[in-house]
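>>> heads up, no residue letters with this:
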């Protein structure tokens, strides 16, 4: 695994999407789309006001500094607007794996094909440049929409992690886990991401 890459500025793009480091000054533009409870319904927290927003920004910076994740801003190239955020999370250098997630989009950018374009760049760079051996995804057991979106990436459903986390309101939540492994990537890329290859 090429661990040094996640210490540098990673910029990924194709004709639909541009991914830039979260620290970019454009992160303030997230305020235009972030205050929507539907976005946070299946996350560990809610972002409902300016203080929540500041906490979200600070927490994301700290997790990157601590080496836990590498977060991105998602830019919709059709409008040049900040559409949301995603990250490589749970970076595990010893086992050469990560989880792509913490992904959210403003309502206007949902269902536009942006997610498929974004995930292709993250998967392709993850397997071919960083050299992960496993990339996993998870979705709340009740979040059927996210589970279907993950299945559209060609990820293999592995099972349910019961009471996997406690949300900000103190409720135990269960997650469904999926993965793509290095040995599958070439075939998955051709079958599910042919428009980007």
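Sure, I can see it. The shown structure was predicted, so the numbers you read here are calculated from the model rather than taken from an experiment. Numbering: from 1, shown residues only.

>>> helices of this structure, start to end?
Here the chain has its helices, by DSSP state H, at 37-40, 50-65, 114-125, 144-151, 182-192.

>>> so what touches the lowest-mean-pLDDT helix or strand in the chain?
The helix or strand of the chain with the lowest confidence, counting by mean pLDDT, DSSP states H and E, is helix 37-40 at a mean of 94. Helix 37-40 is contacted by residues 46, 47, 48, 104, 105, 106, 107 when judged by Cβ atoms under 8 Å, 6 or more residues apart in numbering. Quick note: C-beta positions are derived from backbone N, CA and C, even for glycine.

>>> please list only the buried members of the residues you listed.
Among these, the ones that count as buried by 16 or more other Cβ atoms under 10 Å are 46, 47, 104, 105, 106.

>>> now the two most distant members of the residues you listed.
The most widely separated members of the buried ones among the contacts of helix 37-40, counting by Cβ to Cβ, are 46 and 105 (16.4 Å).

>>> so for the closest residue in space to residue 188 that isn't next to it in sequence, what pLDDT did the model give?
The spatial neighbour of residue 188 that comes closest, neighbours along the chain excluded (Cβ to Cβ, 6 or more residues apart in numbering), is residue 154 at 4.0 Å. For residue 154, the model assigns a pLDDT of 98.

>>> where do the strands of the protein begin and end?
Using DSSP state E, the strands assigned to the chain run over residues 12-13, 17-21, 70-76, 81-92, 97-105, 134-140, 156-166, 172-181.

>>> and residue 195, which of those strands is closest to it?
The nearest among the strands of the chain, by Cβ to Cβ, is strand 17-21 at 12.4 Å.

>>> show me what the closest one is packed against.
Counting contacts by 3 or more Cβ pairs under 8 Å, 6 or more residues apart in numbering; DSSP states H and E, strand 17-21 packs against strand 12-13, strand 70-76, helix 114-125.

>>> in TSV: these, plus mean neighbour count and distance to residue 189.
Formatted as TSV, those follow (neighbours: other Cβ atoms under 10 Å; distance: least, Cβ to Cβ, whole Å):
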stretch	mean neighbour count	distance to residue 189
strand 12-13	16	15
strand 70-76	23	20
helix 114-125	22	7
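
>>> for those, which one sits closest to residue 32?
Closest among the helices and strands packed on strand 17-21, once you apply Cβ to Cβ, is strand 70-76, at 12.3 Å.

>>> what about that closest one, distance to the chain center?
A distance of 9 Å separates the centroid of the chain from that of strand 70-76, by Cα atoms, centre = their mean, to the nearest Å.
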